[in-house]
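J.: the following comprises the amino acid sequence and a computationally predicted model.
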Amino acid sequence: METKRLAAAIEAVLFVTGEAVSQKEFCSCFGVTYTALEDAFELLRGKYSGDSGIVFIAYGDSMQLSSNPEYRSEVEEMLNPVQRKSLSQASLEVLSIIAYKQPITRSEIEEIRGVKCDYSVMWLLQKGLIKEAGRKDTVGKPMLFATTDLFLRHFGLSGLDELPEKPRELLDAEAEPE
């Protein structure tokens, strides 16, 4: 498939779905290589750069079209959105531990925090910020937890390598009003 046509097809899919789509899904659906996909992504990055109201974002292995954060106040004014519920301090602490130590078990999280974390882990799983990442090969085979692409999107990261050097910075960034 020609690069321009592939870019247009990707753009159409992202527009219609309104959600992130993984590179693997694009390759499978369109029967293209990752190299061809990257060429198409470059065209879209160029098209949606600068002062466009739409931006092409990548996080983890997924791509999405999104409104440009520069126009956030105008979008909020028009849509009058319901404010998203911020994370509690306990949930932020658990999420930070998982982000920096993943994959990690619940008991390892509790050992670091010094308190139970059942509710926070359950809440983070329900919100899709963490996921079950297999089982640890030890007695009892406890569940391992890791962050998701939604975690990356929530904190504006394209990958885990962009995590702040110190976990405290992550907690402070979430606490700041937007």
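T.: Now that the structure is in, tell me what you want to look at.

J.: the residue of the chain most remote from its centre and I97, how far apart?
T.: Within the chain, V139 marks the point farthest from the mean C-alpha position, 32.0 Å out by Cα atoms, centre = their mean. Remark: distance between V139 and I97 (Cβ to Cβ, to the nearest Å) = 22 Å. The way it works is simple: take the backbone N, C-alpha and C, and place the C-beta from them, glycine included.

J.: swap in A58?
T.: Distance from A58 to I97, by Cβ to Cβ: 26 Å.

J.: which of those two has more neighbours?
T.: Each of A58 and I97 has its neighbours counted (other Cβ atoms under 10 Å); I97 has more, 21 against 16.

J.: tell me if the more buried one really is in a strand.
T.: No. Going by DSSP: H, G, I helix; E, B strand; the rest coil, the assignment for I97 is helix, not a strand.

J.: for it, what are its contacts?
T.: I104, I109, I112, R113, P167 (Cβ atoms under 8 Å, 6 or more residues apart in numbering).

J.: quick one: the third one and T138, what's the gap?
T.: Okay, so that is I112. 17 Å.

J.: the two: who's more crowded?
T.: Counting neighbours by other Cβ under 10 Å for I112 and for T138 shows that I112 has the greater number, 16 against 9.

J.: wait, the more buried one touches I98, no?
T.: No. Applying Cβ atoms under 8 Å as the test, I112 and I98 come out as separate, 10.1 Å apart.

J.: what stretches of this structure score poorly on pLDDT?
T.: Scanning the chain for pLDDT under 70 picks out 79-85, 166-178.

J.: in it, which spans are strands?
T.: For the chain, the strands defined by DSSP state E occupy 21-22, 54-59, 62-67, 104-105, 130-135, 143-147.

J.: those into a markdown table, with extra columns for distance to F155?
T.: Putting these into a markdown table (distance: least, Cβ to Cβ, whole Å) gives the following:
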| stretch | distance to F155 |
| --- | --- |
| strand 21-22 | 19 |
| strand 54-59 | 10 |
| strand 62-67 | 14 |
| strand 104-105 | 18 |
| strand 130-135 | 13 |
| strand 143-147 | 9 |
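
J.: those strands: which one's closest to S86?
T.: strand 130-135 (16.6 Å; Cβ to Cβ).

J.: what's that closest one in contact with?
T.: Contacts of strand 130-135 (Cβ under 8 Å, 6+ apart): 95, 98, 102-103, 121, 124-125, 141-148, 151.
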